[in-house]
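Colleague: Next input, structure requested:
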Amino acid sequence: MRSLLGFVPCNLHLFKLAFLHKSTANEKIRATQNNERLEYLGDAILGTIVAEYLFKKYPNSDEGFMTKMRSKIVKRKSLNLVADKMGLDVFLSEYNNNRLSRSMLGNALEALVGAIYLERGYEKTRRFIVRKMLRNYLDIQELETYDDNYKSQLLEWCQKNNKTISYEVLVKYKFEKRDRFKVAVLIDEKKMGTADDFNKKSAEQTASEKALHKLGLLVEEG
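Modeller: Model (predicted):
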């Protein structure tokens, strides 16, 4: 773990907990003995530190630009990618006996940030995020011009090509005690993409991304 963190943790249990997904826990383990609480804390810390980083990096940029940049950095897809590059899958495999999903990577990364904050404090956590995550595994300059608003891109294409576009909630169901939405995007009343998410707007974005791929307007990331 030292190669990952850059230091040897004093409270090793805390850092092991950051990689323990709730699906691994059983009736012998208390409900709090998984990484959800650390993930909650890490999410808040990560958002604050990224906001501070962008504030200092772009002294002449307005709130709108910085908000979009922060969203691109802390969104689930970006965190999953960073966590994968950092090799967090190795730790997840070690501490969980179930099949790993890609979303568990980003969750574990946020939980890890929470654990670092509890043990090392704000400044050391800021250094970890800026030096280990942002500078090593994200191309900030590329993100400046990267448009990840797939819904907006699809709407613009439909307007240019005189196509109608609409979104439909196919089903709303419970998953892990939370509401989850399955959404479809329709172009000229033809279903072009579907997606599931806990947030309806996020599901619409993912469905729009799939539609753009289907239309040949996006290329798969290599």
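Colleague: hey, let's count contacts and neighbours off CA atoms from now on
Modeller: Will do.
Colleague: For the residue positioned nearest the centre of the chain, give its distance to K160.
Modeller: The chain has R76 as the residue nearest its centroid, 1.2 Å off, counting by Cα atoms, centre = their mean. Computed as Cα to Cα, to the nearest Å, the R76 to K160 distance reads 30 Å.
Colleague: if we can go back for a sec, from what I can see the residue nearest to the centre of the chain touches S103, true?
Modeller: Yes. With contacts counted by Cα atoms under 8 Å, R76 reaches S103, the gap being 7.3 Å.
Colleague: SS state for the residue of the chain most remote from its centre?
Modeller: For the chain, the residue at maximal distance from the C-alpha centroid (Cα atoms, centre = their mean) is N162, at 33.8 Å. Counting by DSSP: H, G, I helix; E, B strand; the rest coil, the backbone at N162 sits in coil.
Colleague: for the chain, what's the longest helix?
Modeller: Longest helix in the chain by number of residues (criterion: DSSP state H): helix 103-127.
Colleague: Break the chain into its domains for me.
Modeller: For the chain, the structural domains run 2-144, 150-214, going by automatic domain parsing.
Colleague: Between the two ends of the shortest one, how far is it?
Modeller: The first and last residues of domain 150-214 sit 13 Å apart, counting by Cα to Cα.
Colleague: how distant is it from the center of its chain?
Modeller: Its chain's C-alpha centre and that of domain 150-214 lie 19 Å apart, by Cα atoms, centre = their mean, to the nearest Å.
Colleague: pLDDT averaged over that domain, what's the number?
Modeller: Here domain 150-214 scores 93 as its mean pLDDT.
Colleague: what ranges do the helices span in this structure?
Modeller: For the chain, the helices defined by DSSP H cover 2-5, 12-17, 36-57, 63-74, 76-86, 88-95, 103-127, 135-137, 140-145, 150-160, 200-214.
Colleague: Format the ones you listed as JSON lines; extra columns: distance to V185.
Modeller: Output for the helices of the chain, formatted as JSON lines (distance: least, Cα to Cα, whole Å):
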{"stretch": "helix 2-5", "distance to V185": "41"}
{"stretch": "helix 12-17", "distance to V185": "39"}
{"stretch": "helix 36-57", "distance to V185": "30"}
{"stretch": "helix 63-74", "distance to V185": "22"}
{"stretch": "helix 76-86", "distance to V185": "20"}
{"stretch": "helix 88-95", "distance to V185": "33"}
{"stretch": "helix 103-127", "distance to V185": "23"}
{"stretch": "helix 135-137", "distance to V185": "32"}
{"stretch": "helix 140-145", "distance to V185": "25"}
{"stretch": "helix 150-160", "distance to V185": "9"}
{"stretch": "helix 200-214", "distance to V185": "6"}
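Colleague: Which among these is found nearest to K174?
Modeller: For these, proximity to K174 was assessed by Cα to Cα; helix 200-214 is nearest, at 13.4 Å.
Colleague: For the closest one, list every residue counted as buried.
Modeller: Using 16 or more other Cα atoms under 10 Å as the burial criterion, the residues of helix 200-214 that qualify are 200, 202-212.
Colleague: got the angle between it and helix 150-160?
Modeller: 60 degrees (axes from the mean of the first three to the mean of the last three Cα atoms, to 10 degrees).
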